[in-house]
Structure formats: C-alpha cells, structure tokens
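Chemist: one predicted model, sequence on top.
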Amino acid sequence: MDKSDRPIGVFDSGLGGLTVLAAMRRALPRENFVYFGDTARVPYGTKSPDSVRQFSREITAWLVSRGIKTLVVACNTASSVALDAVRAAARGVPVTGVIEPGAAAFAASGGRKVLVIGTAATVASRAYGRALRRAAPGALVTERACPLFVPLVEEGWSDPSRGRRAAALTRLAAEEYLSPYRGKGYDSLILGCTHYPLLKGIIARAMGRKINIIDSAEAAALAVRGTLAREGLLRRGGRGSARFFVSDAPARFSALAAALLGIRPGRVGVKRF
Ligand code: DGL
C-alpha cells in the first residue's frame, strides 16, 4: 500500500473528538480515518496528568500498530498533559495536538487579550498559556475551567429543540462561568475542549457577540493538512472513510454521535486496554 493511503489515527477521551474528526473530514475529504474514543475511562478532564499520560500512551501504541501515517490527539486534556508521552510512544509517526494550532490561530488573528476555556485538567496544566506566550508574545491570557459544559452537551441540553428549560439551564451555566469576563476587553476566546464547539452560539452570547471565537478543532484540521502536505503524505485520489473504535458502550457512542453531531458511525469496534 502507498504510504499516503494509510489512515490518519485520531483519539479522544470519548465522543467529543468527533468535532475534530468532522473538521478534518471537511478539510481532508480524501483521507481515511481511524477514530478511537476511550469511553471506558472518560472523562479525562478530572483525572491526574499521570493517568491521562498512561491512557494516551496505550492508545497511541495501539493506533500506531494499525499502520497509521499520522496521529491527531483530538482531546484537549490529553494534548495539554500528554503530548510528549504520545510523541515518545508514536515511534516517529508525526503527532498533532490541538493546543499549538489553537494558539497559532489566535496569533494569526492579531488578537491581544484572550480567554481560554477548557476542562479542569487542561486549565491546571497551563498548556494553552505557554503555547500562547510562544505564539503571541505580549498577549494577555486568562484560562478558565468550565467543567459543567461537557455533561450538559452530552445530555443534549445545549440544543433548544430538546426543551427550552434545558437550554436555559445551559445558558445560565455559560453566564455563571463567563459573565465575569464580559466587557473586560477580551477580543478572543479559545474553545479549548472538544465539546465546546457545540456550545459556540451560547458561549458567544454570554461573552458579547463581538468576540472572535477560535475553534481548536478547525485550527487542528488545518495543521494536519499542513503536516501531511509537508511530508508528501496527502492522499491523492478516492473518497475518504472513517472507522470507529471505543473502549466501552459502543451503542451509546453511536447514539450520541448521531444525536449531537449527525454522524452515523456504522459498526463501532471495541478495543479494551
Ligand atoms: N475530550 C476532553 C477535552 O477536550 C473533554 C472530555 C473529558 O473530560 O474527557 O478536554
């Protein structure tokens, strides 16, 4: 097989990484993907860095053994605390996380003052702060954990068609987390978690509509395209495909993928560690 025909490996703590997969499929429609969601051990956002590193190493070794040509760490928490461990386990396969691309997108936008939101583990790691200081020296960076957003998205409570009270509760959570930053001169906000693109409208409203919302998923997709082009690994013909694996509860994964993202994964394999 031509090396460019090999799949792109993608992993996340669960189903949130499907936002990154969707962005990649838009940017790279010819590519084949193999997606792994660690549904047995989700959430990563409340775990210790050591545990997330261990999980990420195991998943990386398995994806690499499937002959992937590049690896994308879709999970912001794993990208924040485990990128070095993933690179070490990837045996030379190029690795893209979501933090650097998000920081580069902010730098390219010319923004000066940015709020980064993510899980507790992502914010505690300060990985976005470090990447932003490298990409945009002089920028003012604030990081804020919004731990209720992930369960609210997974319950479908961000979707007004699922009930007005539920959507109002999600808006209230966004107000509680974000109103202290509204009107304080923030020109940009980085969605530093896989689930947050699904709350983009609610987050924009809570911050005041003029804010530039940077989606790490979109930025990572463009970075992957750049990496493949540089390495001469872009697939040249054909239509792309995606295969899905999880570590537990494949039926729940499929149901949520369809309900939240309109993705129908087909047969979902199970890989336990
Ligand atoms: N995928 C995680 C992230 O982007 C969110 C869900 C979790 O906490 O595992 O940080």
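Modeler: Received it, and whenever you're ready, just let me know what you need.
Chemist: list the contacts for the residue in the stretch 151-273 of the chain that the ligand sits nearest to?
Modeler: Taking CB to the nearest ligand atom, the ligand has its nearest neighbour within the stretch 151-273 of the chain at Thr194, 3.7 Å off. Using the backbone N, CA and C atoms, a C-beta is placed for each residue, glycine as well. By CB atoms under 8 Å, 6 or more residues apart in numbering, the contact list for Thr194 reads 12-13, 16-20, 74-76, 217.
Chemist: just those: which are in strands?
Modeler: Counted as lying in strands by DSSP state E, out of the contacts of Thr194, are Asp12.
Chemist: neighbour-wise, which of the contacts of Thr194 leads?
Modeler: In terms of neighbours by other CB atoms under 10 Å, these top out with Asn76 at 39 neighbours.
Chemist: number of nearby residues for Tyr29?
Modeler: Not Tyr; residue 29 is Pro. Using other CB under 10 Å, Pro29 has 11 other residues around it.
Chemist: do I have it right that it meets Gly238?
Modeler: No: using CB atoms under 8 Å, Pro29 is not in contact with Gly238, being 9.8 Å away.
Chemist: in stretch 105-121, what's buried?
Modeler: By neighbour count on 16 or more other CB atoms under 10 Å, the buried set for stretch 105-121 is 105-107, 111, 114-119, 121.
Chemist: and the residue nearest to Glu155 when sequence neighbours are not counted, what element?
Modeler: Spatial nearest neighbour of Glu155, excluding adjacent residues (CB to CB, 6 or more residues apart in numbering): Ala166 at 7.4 Å. Ala166 belongs to helix 164-178 when elements are defined using DSSP states H and E.
Chemist: Val153 now?
Modeler: For Val153, the host element (DSSP H and E) is helix 149-154.
Chemist: over to Ile214?
Modeler: Using DSSP H and E, Ile214 sits in strand 212-215.
Chemist: so which residues make contact with that strand?
Modeler: If you take CB under 8 Å, 6+ apart as the criterion, strand 212-215 is touched by 23, 102, 105-106, 109, 111, 114, 187-191, 197, 200, 203-204.
Chemist: show me the helices in this structure, by range?
Modeler: Ranges of helices in the chain, per DSSP state H, are 18-27, 49-65, 76-89, 99-109, 120-125, 127-135, 149-154, 164-178, 200-207, 216-230, 250-261.
Chemist: how far off centre is the last one?
Modeler: So the one you mean is helix 250-261. Here helix 250-261 is found 17 Å from its chain centre; the criterion is CA atoms, centre = their mean, to the nearest Å.
Chemist: then that helix to CSV, C-alphas only?
Modeler: Output of helix 250-261 as CSV, limited to C-alpha atoms (Å, rounded to 0.1, in the frame of the first residue of the first chain):
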residue,chain,number,x,y,z
PRO,A,250,-20.4,1.3,21.5
ALA,A,251,-24.2,1.7,21.3
ARG,A,252,-24.2,4.8,23.5
PHE,A,253,-21.3,6.2,21.4
SER,A,254,-23.3,5.7,18.2
ALA,A,255,-26.5,7.2,19.6
LEU,A,256,-24.7,10.3,20.9
ALA,A,257,-22.7,10.7,17.7
ALA,A,258,-25.9,10.8,15.8
ALA,A,259,-27.9,13.0,18.2
LEU,A,260,-25.2,15.6,18.8
LEU,A,261,-23.2,15.7,15.6
